[in-house]
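S.K.: Structure of the sequence below:
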Amino acid sequence: MAALDLQEQEQIEELKGWWKENGNQVLGALFMVAIVVGGWRGWQYYQHEQASKSAMFYAEFVKQLESNDAGRVNDAAAAMLEKFPSTAYAPRAALTAALVNEQSKDVARATTQLQWVIDNAEEAELRDVARLRLGALLLDEGKYSEIMSLLSIEHSSAFDALYADLRGDVYNAQGKAEEARSAYKLAYEKIDANSMYRNLIQMKLDALIVNK
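M.R.: Numbering: from 1, shown residues only. Okay, the predicted model is just below:
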């Protein structure tokens, strides 16, 4: 037993020596693990809280839509963009508010909201939609070069027809009949055969032939 006690004592002394040399490093490593794990859990909680709060704000935005009051809609959208700009709700609120402003002829505000979506939305499809709608607004103002810059940006193939159609509108407005015809033909080929929008593109093509 005495020999065993002596052996245990030696092991304890060795452990003390090792701890004296390496203890700080071990504690530092454990501390970093605690921070990472705790930070991740905190981030998850934060994300959950953000998702819940942003959903509530978006619900309030939808409620204001039902009021048909552009001012209240814009206030709700602005709150969404300010407090939860990185959520999926924010660009949707901006797109919807822009449509309300387009209908109420507040082009400047609609333009600002659409540009916000283009600059901030994480979903490429939402940016594609915003570019199309902004391009349509700019068409009324005769800002053709700006529209073409928007249309030159890479977009989802699902939007090929709509992008080609808007490009045709720009050429048509500039009196470039041949370029317009080519763009409209491409739009007609790309659009779904069962889409009612296809008839509109055909009408544009027919109008070019009549005016040729």
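
S.K.: where does the closest residue to Gly135 other than its chain neighbours fall, phi/psi-wise?
M.R.: Leaving aside its sequence neighbours, Gly135 sits nearest to Ile147 (CB to CB, 6 or more residues apart in numbering; 4.4 Å). Backbone N, C-alpha and C define where each C-beta goes, glycine included. Ile147 has phi and psi values of phi -60, psi -50 when expressed as degrees, to the nearest 10.

S.K.: Tell me which helix or strand Ala187 sits in.
M.R.: Under the criterion of DSSP states H and E, Ala187 resides in helix 177-190.

S.K.: quick one: the helices in the chain?
M.R.: Along the chain, counting by DSSP state H, helices occupy 2-65, 70-83, 89-103, 107-120, 124-140, 144-151, 160-173, 177-190, 197-210.

S.K.: comparing the ones you listed, which gets the lowest mean pLDDT score?
M.R.: For the helices of the chain, mean pLDDT drops lowest on helix 2-65, to a mean of 56.

S.K.: Near Glu122, how many other residues are there?
M.R.: By the criterion of other CB atoms under 10 Å, Glu122 has 11 neighbours.

S.K.: For it, which residues are in contact?
M.R.: Shown in contact with Glu122 (CB atoms under 8 Å, 6 or more residues apart in numbering): Ser86, Ala88, Pro91.

S.K.: ok, now Val129?
M.R.: With CB under 8 Å, 6+ apart, Val129 has these contacts: Leu95, Val117, Phe159.

S.K.: Give the burial count for the second one, as a bare number.
M.R.: The reference is to Val117. A count of neighbours around Val117, defined by other CB under 10 Å, yields 25.

S.K.: how about the nearest residue to the residue nearest the centre of the chain, chain neighbours excluded?
M.R.: Against the mean C-alpha coordinate of the chain, by CA atoms, centre = their mean, the closest residue is Ala121 at 1.8 Å. Using CB to CB, 6+ apart and skipping residues adjacent in sequence, the residue nearest Ala121 is Pro91, 3.8 Å away.

S.K.: And that neighbour, how far from Ser52?
M.R.: 19 Å (CB to CB, to the nearest Å).

S.K.: What of Lys63?
M.R.: 17 Å.

S.K.: now Ala183
M.R.: 46 Å.

S.K.: quick one: which of those two has more around it?
M.R.: Set side by side, Ala183 and Ser52 show more neighbours around Ala183, with 24 against 10, by other CB under 10 Å.

S.K.: any idea how far that one lies from Asn172?
M.R.: 8 Å.

S.K.: Repeat that for Lys185.
M.R.: Distance from Lys185 to Asn172, by CB to CB: 13 Å.

S.K.: With neighbour numbers in mind, choose between those two.
M.R.: Neighbour count, other CB under 10 Å: between Lys185 and Asn172, Asn172 has more, with 20 against 14.

S.K.: Right, I'll call it a day here.
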